[in-house]
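Asker: everything below, folded, please.
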Amino acid sequence: MVFQPEILQKKPLYFCKYLKWVLAHEDGYAYFLNTNEISKHISGGDIKAGQQNNIQRAIYNREDIMDIHDLPDSIIEWVTTFIEN
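Answerer: Here you go, the predicted structure:
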């Protein structure tokens, strides 16, 4: 995964509002998470610029798991909230 650690460290309002993360697993399931949710599982919350910041396995124990085929509908639903507002 490649990302700007500053997004998770500083949590700029723009990215907290308009950025979601997709974590997909080869077994056919996925998570669709916001920046606050994902930052809780990056290197134990200790994010270091210039270093590998791995996702903890604990994130895969979350209950909001979805089938990968449901992901497009979740993304459309989320994007639609911005169009309607």
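Asker: give me the distance between residue 16 and residue 37.
Answerer: 10 Å (C-beta to C-beta, to the nearest Å). C-beta: built from backbone N, CA, C; applies to glycine.
Asker: same deal with residue 80?
Answerer: 20 Å.
Asker: okay, these two: which has more neighbours?
Answerer: residue 37 (15 against 10; other C-beta atoms under 10 Å).
Asker: contacts only, for the more buried one.
Answerer: Residues in contact with residue 37, defined by C-beta atoms under 8 Å, 6 or more residues apart in numbering, are residue 21.
Asker: who are the packing partners of whichever strand or helix holds residue 75?
Answerer: Here residue 75, judged by DSSP states H and E, is contained in helix 71-84. Counting contacts by 3 or more C-beta pairs under 8 Å, 6 or more residues apart in numbering; DSSP states H and E, helix 71-84 is packed against strand 20-25, strand 29-34.
Asker: could you dump those into CSV with mean neighbour count and distance to residue 54 added?
Answerer: Converted to CSV, those look like this (neighbours: other C-beta atoms under 10 Å; distance: least, C-beta to C-beta, whole Å):
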stretch, mean neighbour count, distance to residue 54
strand 20-25, 15, 12
strand 29-34, 18, 16
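Asker: go through those strands and name the closest to residue 7.
Answerer: Checking the helices and strands packed on helix 71-84 against residue 7 by C-beta to C-beta gives strand 20-25 as the closest, at 9.7 Å.
Asker: the helix holding residue 75 to strand 20-25, inter-axis angle?
Answerer: Put simply, helix 71-84 runs at 180 degrees to strand 20-25, going by axes from the mean of the first three to the mean of the last three C-alpha atoms, to 10 degrees.
Asker: for helix 71-84, the averaged confidence score.
Answerer: Helix 71-84 comes out with an average pLDDT of 91.
Asker: okay then, goodbye and thanks.
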